[in-house]
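S.K.: Provide a 3D model corresponding to the input given below.
(one chain, ligands or ions: 2)
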Amino acid sequence: MKLVLLGPPGAGKGTHAKRLSDRYGIVHISTGDIFRANLKNGTPLGLKAKTYMDAGALVPDELTTDLVLDRLNQPDCENGYILDGFPRNLAQAEALTRALAAAGDQIDAALNLTVDDEVIVHRMSGRRVCSVCGASYHIVSAPTRVPGVCDRCGGPVILRADDAPETVLHRLEVYHEQTEPIVGYYRDLGKEIQIDAAQTVDRVFEDLVAALGE
Ligand code: ADP
Ligand code: AMP
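M.R.: Ligands and ions are numbered 1, 2, ... in the order given. Next up, the predicted model:
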């Protein structure tokens, strides 16, 4: 199964991508996690991406698209994958469609997690992420079992620099301007599945599984 997860920052893409990856045995590919890992390791890519991420802007396509397309050619992607945070604009979506079509392939579905901006702001202010595996928590709705320690891997759980309120508002603007138009792109391809992401995590996950089937 080859899936794209759409939705504004804070919609729950990372949360559900991890669950879907476990459920269906498909690889979770998060461009945000890839950039953050590069930044942590001090690679040239990480240092370049940092400027854009700190500002809540999109990292340029030339640093992003080939990175993802190369990743999709790795052997572990043969059984399927779930893309979280990519594509993020029309050029990236078209590049993905073209690259897959060249191999006679296509994605199965674009799952569109919808939620209002007010809910997003609340979610992002309470978000905490594992700095090792990227798992996402919330201080109220999804706390770690042991404070500050990731349930999945034991890594330290931290506040993301780009979750500061002023950056969140800018990321939402960027989402509406650049990313939201690709919902229509996938709708026209007959791939969009809309999911109400304002429900509890468990209900959202039930709806995702119901839409995808066993
Ligand atoms: P994204 O990857 O789309 O940016 P995350 O999966 O990191 O979003 O979720 C953002 C924040 O909202 C996290 O703190 C997460 O625990 C919380 N969250 C995600 N889905 C829900 C939900 N359905 N209800 C309440 N909180 C949620
Ligand atoms: P995320 O973890 O998906 O919220 O992404 C965090 C940040 O990484 C974004 O605000 C962007 O700066 C950058 N980023 C992640 N994915 C992409 C992408 N597909 N294109 C451009 N920038 C991206």
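
S.K.: can you pull the contacts of P60?
M.R.: By C-beta atoms under 8 Å, 6 or more residues apart in numbering, P60 lies in contact with Y52. Just so you know, the C-beta spots here come from the backbone N, C-alpha and C atoms, and that holds for glycine as well.

S.K.: which residues of the chain fall in strands?
M.R.: 2-6, 27-30, 81-84, 109-114, 127-130, 136-138, 157-158, 192-196 (DSSP state E).

S.K.: other SSEs contacting the shortest one?
M.R.: With contacts defined as 3 or more C-beta pairs under 8 Å, 6 or more residues apart in numbering; DSSP states H and E, the secondary structure elements packing on strand 157-158 are strand 127-130.

S.K.: hang on, the earlier thing: any chance of CSV for the strands of the chain, columns mean neighbour count?
M.R.: Shown next, in CSV, are the strands of the chain (neighbours: other C-beta atoms under 10 Å):
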stretch, mean neighbour count
strand 2-6, 24
strand 27-30, 20
strand 81-84, 25
strand 109-114, 21
strand 127-130, 21
strand 136-138, 20
strand 157-158, 17
strand 192-196, 18
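
S.K.: Dump the ones you listed to a markdown table, plus mean pLDDT.
M.R.: Shown next, in a markdown table, are these (pLDDT from 0 to 100):
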| stretch | mean pLDDT |
| --- | --- |
| strand 2-6 | 98 |
| strand 27-30 | 98 |
| strand 81-84 | 98 |
| strand 109-114 | 98 |
| strand 127-130 | 94 |
| strand 136-138 | 94 |
| strand 157-158 | 95 |
| strand 192-196 | 98 |
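
S.K.: what's the closest of the ones you listed to F205?
M.R.: Closest to F205 of the strands of the chain is strand 192-196 (C-beta to C-beta; 9.5 Å).

S.K.: From D105, how far out is the nearest residue to V27 once chain neighbours are set aside?
M.R.: In this structure, V27 finds its nearest non-sequential neighbour in Y81, 4.3 Å apart by C-beta to C-beta, 6 or more residues apart in numbering. Distance, Y81 to D105, by C-beta to C-beta, to the nearest Å: 11 Å.

S.K.: Overlap of the contact sets of those two?
M.R.: K2.
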